[in-house]
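Peer 1: Quick one, structure for this:
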Amino acid sequence: MHENEIAKIVVDVAYHVHRRLGPGLLESVYEAITAYELRKRGLQVEEQVAIPVVWEDVRVDLGFRADLLVEKLVIVELKSLEQTAPVHKKQLLTYLRVADRRLGLLINFGAAQIKDGISRVVNGLDE
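Peer 2: All right, here's what the predicted structure looks like:
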């Protein structure tokens with residue numbers, strides 16, 4: 001399955017979860033339910049995946065934790081905030097670079113309308 005197909009499913013799941021629950025819950029609740037719904041749709045989902053950072057000969061085993069890694073291709077970073085900040089997209093781009101992945105989704109379940117809370121972040125993989 002291609003990253004864009006996975007992203008489409010993730011966005012659809014986020015829409016349905018947000019529509020049913022609304023904003024205001026803890027990020028961990030949205031994470032657990034989103035992961036559950038993605039698995040119901042047949043996708044492989046890993047939660048709180050430790051991604052190492054390698055610098056020359058130094059390996060830091062816990063560089064960061066990806067909220068969700070879907071089909072080992074798409075990193076999904078979840079938030080439950082009134083509004084995300086520009087740093088959240090930059091953070092996700094760094095995650096994509098370190099993990100050598102191309103596509104990430106930043107999903108803010110705290111947004112009044114989920115369409116305003118979803119951002120695609122693409123790593124050009126050219127550096």
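Peer 1: Now the residue sitting nearest the centre point of the chain: closest residue in space, sequence neighbours ignored.
Peer 2: Centroid-nearest residue in the chain, with Cα atoms, centre = their mean: Val76, separated by 0.9 Å. Nearest residue to Val76, sequence neighbours excluded (Cβ to Cβ, 6 or more residues apart in numbering): Leu68, at 3.9 Å. C-beta: built from backbone N, CA, C; applies to glycine.
Peer 1: ok, the helix or strand containing that neighbour: who's next to it in the sheet?
Peer 2: When elements are assigned from DSSP states H and E, Leu68 belongs to strand 58-70. Strand 58-70 has the following strand partners under DSSP bridges: strand 45-55 (antiparallel), strand 74-79 (antiparallel).
Peer 1: Pull the residues that contact the longest one.
Peer 2: The one in question is strand 45-55. Contact with strand 45-55 is made by 31-32, 35, 38-39, 59-70, 72, 95, 98-99, as judged by Cβ atoms under 8 Å, 6 or more residues apart in numbering.
Peer 1: pull the CA atoms of that strand into PDB?
Peer 2: The C-alpha trace of strand 45-55 is given here as PDB (Å, rounded to 0.1, in the frame of the first residue of the first chain):
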ATOM      1  CA  VAL A  45      -0.300   0.100  13.500                       C
ATOM      2  CA  GLU A  46       2.500   0.500  16.100                       C
ATOM      3  CA  GLU A  47       2.000   2.900  19.000                       C
ATOM      4  CA  GLN A  48       4.600   4.900  20.800                       C
ATOM      5  CA  VAL A  49       7.400   3.600  18.600                       C
ATOM      6  CA  ALA A  50      10.900   4.400  19.800                       C
ATOM      7  CA  ILE A  51      12.900   5.800  16.900                       C
ATOM      8  CA  PRO A  52      16.700   6.000  17.400                       C
ATOM      9  CA  VAL A  53      18.900   8.900  16.400                       C
ATOM     10  CA  VAL A  54      22.300   8.100  15.000                       C
ATOM     11  CA  TRP A  55      25.100  10.700  15.100                       C
END
